[in-house]
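Colleague: need a structure here:
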Amino acid sequence: MRVTRLHPKRIMIAMLLLIAIVNFLSFHISITGETVSYFRDGTSQVTLIGNYHQNIREDPQLYFETDYSYFLRLQLQDNIKFGAALKQVAGDYFNARQGYNESYLDSLPLVHRNISDLTPPACKDIAMYPSSPARVSVIIVFHNEILSLVLRTVYSVIGAIPPHNFHEMILVDDGSDLMEYTDLQKVEQITESFTVQVKYHRFEENKGLIASRRFACESATGDVVLVLDSHMEVKSGFIEPLLAITDQSYNTIAAPIIHFVENKESTKVWAMGYPCYLGFDRYFKWLSVCNKTVTSQGDPRPFPVPLISGGAFVATKRFLAEIDYFGLGMEGWGDENVDISLKTWMCGSQLLSVPCSQVLHHNAHRSVKNLADRRKAPHACHNAALISKSYFPEDVFQDFASHCHLNIYRGLEGYDFGVYDHVVRANRELIRRNNCTRDYGWMRRNLMPSVESYDRETLISHTLKLGEQCVMFRGPDQKSKWTASLEECRVVSVEKSARLTIWKDLRAEKGYCLDWGFSPVMRFLACHRQGGNQMTVYEEGQVKDFSRNWCLVRYFENSSLGLGLCRGSQNSSKKSYEVPKFHFGTVYNSK
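Modeller: Down below sits the predicted model:
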């Protein structure tokens, strides 16, 4: 008897079709308005009378929902939860799609989420902010996003903005693959019946995040534009501190503090450690900088920052139009936030980080494939090079181009920038027309810390040691394998020792960093200084990955180093390794 084995991919496709059929039938029933729908929890019965219903579940209707959209939301939320159970069965497939734990995210309620309030105590009195007359246009762009994430963003944002401030929401589907992400079609279905204005636009082909956001900002008709990623959650009170700043100064951009939740391995929220914030060097590599004028994390006062995140900021429509928005000529995504930040500072304005406004960002698990694609993509270097060529002196641009080619991106080889001369000319004309007098010298002194000297001092003082020995990484060999060992510090130079750097990565020689995404295999990739799988945490002597599941360990058998799970007793006889406590020491260059 012949046994036919089903291909795993076919099983995944069948499960996707099952979820799509369930969602289609549920929506079809809801649209007819002629049936009684019983939900699976046994307590959530909705009786339809024409196009209306009576709800007896404890899930209050939101002010912007019609009776019809309210019912669609209840029905859709239960369908999503049902799909979560199916996704849990095939977790590996769904978790790999966009790097999210989809079954976990789909199990969460779409509305009325109890999000922790991490603002300083002094921010709790909302009366400290006068009522703003500004009309807010919300910009959200998504591409192949998880439906529950998009809807949770939409509902939390509209619900948190006072009705008299909410003007419109512009949703842009940037060419999502509706064959695989069929449920994203429901975003338009459910939002078009809201009582507030939601404008939905879909590009049939992927234009890129920058182009889509620029299109939406140009289309906005409100006084103020709020740009957000499509995987955010907010609480009531987040917008008032931001509007208080733009009301006072139309050419100041205000940004909330962003907190992150890692959904792949953990559901813990980790807070952005203000008064630290994003900075950048002349190669536009992000790094953490701390503001010494802010006395503590409880200080509610806004403070200036050199760089904002592109995923959460507020700016007036007038100012955005004056500086020609952001990302002219840029491709894909990335560094549009550097563009708008530089133009803001160069033209005599400022960027403020606002502790009393805080938002939650759902982090995708940055898989090795995604990071590799990011480094190989031509736009990775193209966007940053356009900024350098537009705003920096020619010798600085040439240095950048050489660095970009020789470093991790290798994206400018054979690249013809003559095609983009019109973009460079337009950016320079914008600076001249707006009488922007802050030049590269001013930016170098005020926005970019002296990375060369600071980096070297920091690397020396953060050399990783265990006892009196230094940690040494070697590789890659012919099979791309790396090894870790302990050696006498006197024979290890600064460049060859393992170092925990200011970019919170664990660095070996030749610009390679430990990438925890391969755990438990020790693998190093070119350092990108953007966190993700390369973010390393040092807690109570232990060296851990971002999710705090994997640690740098020492094996009992041969005292070599490797990667292992952190949980469990450090000296457990049931394990073949221990999780030792490392420390930092100085290694003097042997040259």
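
Colleague: Which helix or which strand is home to the closest residue to residue 422 other than its chain neighbours?
Modeller: Closest residue to residue 422 apart from its sequence neighbours, by CB to CB, 6 or more residues apart in numbering: residue 329 at 8.0 Å. C-beta: built from backbone N, CA, C; applies to glycine. Using DSSP states H and E, residue 329 falls within no helix or strand.

Colleague: Before we move on, what's the pLDDT of residue 329?
Modeller: Residue 329 carries a pLDDT score of 89 in this model.

Colleague: What's the local residue count around it?
Modeller: 18 (other CB atoms under 10 Å).

Colleague: Name the residues of stretch 534-547 that come out as buried.
Modeller: 534, 535, 536, 537, 538, 542, 543, 544, 545, 546, 547 (16 or more other CB atoms under 10 Å).

Colleague: among those, which two are most distant?
Modeller: Spatial extent of those (CB to CB) is set by the pair 534 and 542 at 17.4 Å.

Colleague: Stretch 231-245 spans what distance, first to last residue?
Modeller: 25 Å (CA to CA, to the nearest Å).

Colleague: hang on, the earlier thing: return the residues in contact with the residue nearest to residue 422.
Modeller: If you count contacts by CB atoms under 8 Å, 6 or more residues apart in numbering, residue 329 has them with 386, 420, 422, 423.

Colleague: Check the gap between it and residue 425 for me.
Modeller: 11 Å (CB to CB, to the nearest Å).

Colleague: Helices along the stretch 351-500 of the chain, start to end?
Modeller: Taking DSSP state H, counting those that start in this stretch as the test, the helices found in the stretch 351-500 of the chain are 368-376, 378-391, 394-406, 421-433, 440-446, 451-461.

Colleague: got the contact list for residue 327?
Modeller: 210, 211, 213, 214, 336, 339, 340, 383.

Colleague: Isn't residue 163 up against residue 63?
Modeller: Yes - at 6.6 Å, residue 163 counts as touching residue 63 under the criterion of CB atoms under 8 Å.

Colleague: Overlap of the contact sets of the two?
Modeller: Contacts common to residue 163 and residue 63, judged by CB under 8 Å, 6+ apart, are absent.

Colleague: Could you identify the most distant pair in the contacts of residue 327?
Modeller: 211 and 340 (14.5 Å).

Colleague: okay, the contacts of residue 327 in a markdown table with secondary structure, pLDDT and distance to residue 94 next?
Modeller: Below are the contacts of residue 327 laid out as a markdown table (DSSP: H, G, I helix; E, B strand; the rest coil; pLDDT from 0 to 100; distance: CB to CB, whole Å):
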| residue | secondary structure | pLDDT | distance to residue 94 |
| --- | --- | --- | --- |
| 210 | helix | 93 | 28 |
| 211 | helix | 94 | 28 |
| 213 | helix | 97 | 27 |
| 214 | helix | 97 | 31 |
| 336 | helix | 91 | 29 |
| 339 | helix | 93 | 34 |
| 340 | helix | 95 | 34 |
| 383 | helix | 83 | 31 |
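
Colleague: And the residues you listed, which is closest to residue 77?
Modeller: Closest to residue 77, out of all of the contacts of residue 327 and judged by CB to CB, is residue 213, at 28.2 Å.

Colleague: How about the contacts made by that closest one?
Modeller: 139, 141, 172, 227, 310, 326, 327, 336.

Colleague: From those, which land in strands?
Modeller: Of the contacts of residue 213, the ones assigned to strands by DSSP state E are 139, 141, 172, 227.

Colleague: JSON lines please, covering the buried residues of stretch 534-547 and showing pLDDT.
Modeller: Putting these into JSON lines (pLDDT from 0 to 100) gives the following:
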{"residue": "534", "pLDDT": "82"}
{"residue": "535", "pLDDT": "84"}
{"residue": "536", "pLDDT": "86"}
{"residue": "537", "pLDDT": "84"}
{"residue": "538", "pLDDT": "83"}
{"residue": "542", "pLDDT": "88"}
{"residue": "543", "pLDDT": "89"}
{"residue": "544", "pLDDT": "89"}
{"residue": "545", "pLDDT": "86"}
{"residue": "546", "pLDDT": "77"}
{"residue": "547", "pLDDT": "73"}
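
Colleague: Adding secondary structure and distance to residue 98, write the residues you listed out as JSON lines.
Modeller: Formatted as JSON lines, the buried residues of stretch 534-547 follow (DSSP: H, G, I helix; E, B strand; the rest coil; distance: CB to CB, whole Å):
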{"residue": "534", "secondary structure": "helix", "distance to residue 98": "19"}
{"residue": "535", "secondary structure": "coil", "distance to residue 98": "19"}
{"residue": "536", "secondary structure": "strand", "distance to residue 98": "24"}
{"residue": "537", "secondary structure": "strand", "distance to residue 98": "24"}
{"residue": "538", "secondary structure": "strand", "distance to residue 98": "29"}
{"residue": "542", "secondary structure": "strand", "distance to residue 98": "30"}
{"residue": "543", "secondary structure": "strand", "distance to residue 98": "28"}
{"residue": "544", "secondary structure": "strand", "distance to residue 98": "24"}
{"residue": "545", "secondary structure": "strand", "distance to residue 98": "20"}
{"residue": "546", "secondary structure": "coil", "distance to residue 98": "17"}
{"residue": "547", "secondary structure": "coil", "distance to residue 98": "17"}
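
Colleague: tell me which of those residues is nearest to residue 107?
Modeller: If you rank those by distance to residue 107 using CB to CB, residue 547 comes first, at 19.1 Å.

Colleague: how about the helices in the stretch 1-150 of the chain?
Modeller: Going by DSSP H, counting those that start in this stretch, the stretch 1-150 of the chain shows helices at 8-32, 67-89, 91-98, 102-107, 147-160.

Colleague: hey, least reliable of those by pLDDT?
Modeller: helix 8-32 (a mean of 52).
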